[in-house]
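Enquirer: Fold the following.
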Amino acid sequence: MTLEEIQAKLEAGVEGSTVTMEGDGCNCSTLVVSPIFEGMSLLARQRMVLASVRENIDSGELHALSIKARTPAENS
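Expert: Now for the predicted structure:
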């Protein structure tokens, strides 16, 4: 799985998000910035991001994804 494919899935799965990726297709990290995270706990944010790629993790296409999920205010 390429970083571009992961990024597209995350952007589609998290409303209004801007996604930045690092790493390779198997083990990577992401910064997801979205206003939808406002008022959500860190765990709820991570669950939302992971739900976008859950099938890829379950199938083994994506082995590890480190997630930072922030609101626009937290990212500035």
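
Enquirer: Can you tell me the centre-most residue of the protein?
Expert: residue 49 (4.3 Å; CA atoms, centre = their mean).

Enquirer: Against residue 72, how distant is that residue?
Expert: 16 Å (CB to CB, to the nearest Å). (Glycine included, C-beta is placed from N, CA and C.)

Enquirer: what do you get for residue 62?
Expert: 26 Å.

Enquirer: And those two? Which one has more around it.
Expert: residue 62 (20 against 13; other CB atoms under 10 Å).

Enquirer: Give me the secondary structure label for the more buried one.
Expert: Following DSSP: H, G, I helix; E, B strand; the rest coil, we place residue 62 in the coil state.

Enquirer: Let's verify the closest residue to it other than its chain neighbours: helix, strand, or coil?
Expert: In space, residue 62 comes closest to residue 56 once its chain neighbours are excluded; the distance is 4.2 Å by CB to CB, 6 or more residues apart in numbering. Secondary structure, three-state DSSP: residue 56 is helix.

Enquirer: Please look at residue 56 and residue 1 and confirm they touch.
Expert: Yes - counting by CB atoms under 8 Å, residue 56 does reach residue 1; the two are 6.0 Å apart.
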